[in-house]
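Asks: what's the 3D shape of this:
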Amino acid sequence: MLGTTLLDRYRLEAVIGQGGMGTVFRAQDLVLDRAVAVKLLNETQLGTQGRNRLLHEARAAAQLNHPNIVSIYDAGEIAGVSFIVMELVPGRSLYEAWPLPPGAILDVARQICAALEHAHGHGIIHRDLKLENILVAEEAAGGPPLIKLTDFGLARSLASRLTQEGGLIGTVFYLAPEIALGQPADGRADLYSLGVLLYELTTGKLPFTGDDPLAVISQHLHAPLVPPHTHVPDLPPALEALICQLLAKQPDERPASAAAVRARLEQIGRGEAAAGPADPHRSLLDHLARGRLVGREREAAELRAHWTRAVGGAGHVLLLSGEPGIGKTRLVQELRALAEVSGGRVLAGECYAEGGAPYGPITQILRPILLDSPPAEVRAPAVLSGLLTLVPDLRPVLAPEPAARGGRSLEPQAEQSRVFESFVALCAALTAEQPLLLCIEDVHWADSGTLFLLRHLARRLRRQRLLLVFTYRETDLDQACCLPEVLVDLNRERLSTRLKLGRFSLDGTRALLAALLQGPVSDALAAAVHHETEGNPFFVEEVCKTLVEESRLSLAEGSWQAAGLDEIIIPQSVRVTLQARVAKLPEPAQDALRLAAVLGRDFDFETLARASDLDEEALIAALEAAEHAQLIVEARRTGRAAFSFAHALIPSALREGVSRLRRQRLHRRAG
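Replies: Numbering: from 1, shown residues only. Below is the predicted model:
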């Protein structure tokens, strides 16, 4: 390849860079007798459509003329290979030049903003702003660095980052949420990437990291930002406020333009207190890196496999079960990110403990679709009428003069069938447009109509591009109206797969703590937290928050340590969660558990019976209710009836949930 002359004009002399998009050569322009850079594009990654689009964008970017932008001189094809001819900038990338002095960071950021301002004014969005695409010219040695942005308009859309297997290609650490979702993007997408750049330049860390590109994208979409001052305590508050605003998930919450950002940077450089949206109160809990998926690699891989099959037309139902706090919602969040990034549509509903109107989660799903632009098939009077039965308050908006059905009203069963078929028609129309992920959370609280409708949908759309995901708590199955019946039907008809989430091992607990604290943790800390929480992710995070708030954590010998590990107190949020579960039991069962909690995590029936006011039959019934709710488990010990609380935090929460006087009386009775 070296020595080749393109179009009898550009002689390739040396390789100066390589990347996912292609190879960059130093070349000589034989016509104008000047050195240039020539990028040969990687045809296998682009395809014909991508090549044509990039060449079109290269020609558009050639209109840009700014000292902070690498000029594009020419673009074309030869022997089926696309190439772009650019200005040759002697120097190195900002990635290679980093770290920079604090003062230089502001100057670099101002130059980037100037370049973006010029490009956005010409309707060109970079879409792949990162350290590797920013060049530091050699002429700037000894003075303020001269910055030049390259690859303007040449960044691939996210669609081209996806393989047929759903894998992601390319750097995603700087990706704006709207680009990740394939939504329309403007210059504020580049400002988000600028926020990532500033975060990295000031702290030495990326705001969102992970071994899996999808996990990084999921954090861009959902995870809260760890404020930069966590890593650099003396960072100017005005600069931190700007970085946090640039990294807002919603474009409307970011600065309006690159010019506005440049003005803010100039104020900060002059030492003026620029106004910003960041909360001046800095909580210790801001230091925790929340929202990162840890310890669920196997489960995440299984979810992705199910989604891939659904995209191929094998509709299915995925059941995610587990105790409260085990991470069902977080795992669904990861699946939702995958579906949205890969071009699917996500519909979500949620059931509530206090109940609500019939078909509540279905109504949540229908409302945005009907108010937006439903498919033409759904606008048919028969289908629309059935859907409006589920959301009658939309009837005046969507069907101000509905045609009256003649004759007598339908029987309830026939009316239900009509409604069900209308919802099936809606889902079929949606899956014809794009793959569909339909998530219903906490179906153990769902009403019978919702459950029967979802069962009907599962039966009718098994060959559609649809994945139904239900989450439920096994501990609440006894209070579900008809969920056990529906689960049995789905399993018998081979329509569903159940994925039960278990607690973390000691290693998993250590990994979660390390992710939260952004650093290794000591064996003693990991062991103590695992002992108290038994690996429930929610409990691990709540205990970690308590240790942070009480300032009991310190970084020593390269890992996080904690003082007073033998005095870990159950956080209030965990106590409330456990006490709420106990409160659902009959009063005799609650009283029996409070008394048993005084005896310890392990207790035998004989001792409890002697201390309790309940007669033997009533006490057995109370323990059976508690066992059915998975609060206790029966343990066989040398012929004696004995029990253990299912989780070590349950008896502690029960003891702390009663007054001191009552606790003293319970101890007296137990003694």
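
Asks: Regarding the protein, what is its longest strand?
Replies: Counting residues, the longest strand in the chain under DSSP state E turns out to be strand 10-19.

Asks: Quick check: buried residues in stretch 173-193?
Replies: 173-181, 185, 187-193 (16 or more other C-beta atoms under 10 Å). C-beta here means a position set from N, CA and C on the backbone, and glycine is covered the same way.

Asks: my bad, should have said stretch 356-372
Replies: 356, 359, 360, 361, 362, 363, 364, 365, 366, 369, 370.

Asks: Kindly report the same for stretch 111-126.
Replies: Result for stretch 111-126 [16+ other C-beta under 10 Å]: buried residues 111-120, 124-126.

Asks: Which of those residues sits closest to residue 585?
Replies: residue 125 (57.7 Å; C-beta to C-beta).

Asks: The closest one contacts residue 191, correct?
Replies: No - applying C-beta atoms under 8 Å as the test, residue 125 and residue 191 come out as separate, 10.3 Å apart.

Asks: residue ranges with poor pLDDT in the chain?
Replies: 20, 43-54, 57, 138-144, 153-170, 273-283, 399-410, 636-640, 658-667, 670-671 (pLDDT under 70).

Asks: what residue lies at the spatial centre of the chain?
Replies: With distances taken as C-alpha atoms, centre = their mean, the residue of the chain nearest its centroid is residue 218 (3.5 Å).

Asks: quick one: what helix or strand has that residue in it?
Replies: helix 213-222 (DSSP states H and E).

Asks: for that helix, the distance to its chain's centre please.
Replies: When distances are taken as C-alpha atoms, centre = their mean, to the nearest Å, helix 213-222 is centred 5 Å away from the chain's centroid.

Asks: Can I get that helix as PDB, trimmed to CA atoms?
Replies: Extracted in PDB, the C-alpha atoms of helix 213-222 (Å, rounded to 0.1, in the frame of the first residue of the first chain):
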ATOM      1  CA  PRO A 213     -20.100  -1.400  25.900                       C
ATOM      2  CA  LEU A 214     -23.800  -1.900  26.500                       C
ATOM      3  CA  ALA A 215     -23.300  -1.500  30.300                       C
ATOM      4  CA  VAL A 216     -21.600   1.900  29.500                       C
ATOM      5  CA  ILE A 217     -24.500   3.000  27.400                       C
ATOM      6  CA  SER A 218     -27.000   2.000  30.100                       C
ATOM      7  CA  GLN A 219     -25.100   4.200  32.500                       C
ATOM      8  CA  HIS A 220     -25.300   7.100  30.000                       C
ATOM      9  CA  LEU A 221     -29.000   6.600  29.900                       C
ATOM     10  CA  HIS A 222     -29.800   6.000  33.600                       C
END
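
Asks: Tell me the helices and strands packed up against the following helix or strand past it.
Replies: Moving toward the C-terminus from helix 213-222, the next helix or strand (DSSP H and E) is helix 237-246. Based on contacts counted as 3 or more C-beta pairs under 8 Å, 6 or more residues apart in numbering; DSSP states H and E, the elements that helix 237-246 packs against are helix 187-203, helix 258-269.

Asks: residues of helix 237-246 that come out buried?
Replies: Quick answer for helix 237-246 (16+ other C-beta under 10 Å): 238, 239, 240, 241, 242, 243, 244, 245, 246.

Asks: and that helix with helix 187-203, angle?
Replies: 140 degrees (axes from the mean of the first three to the mean of the last three C-alpha atoms, to 10 degrees).

Asks: would you list every one of the helices in the stretch 351-500 of the chain?
Replies: Here the stretch 351-500 of the chain has its helices, by DSSP state H, counting those that start in this stretch, at 360-371, 381-390, 395-398, 412-433, 448-460, 483-492.

Asks: Make CSV from these and add distance to residue 442 to it.
Replies: CSV is the format used below for the helices of the stretch 351-500 of the chain (distance: least, C-beta to C-beta, whole Å):
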stretch, distance to residue 442
helix 360-371, 9
helix 381-390, 19
helix 395-398, 28
helix 412-433, 20
helix 448-460, 11
helix 483-492, 10
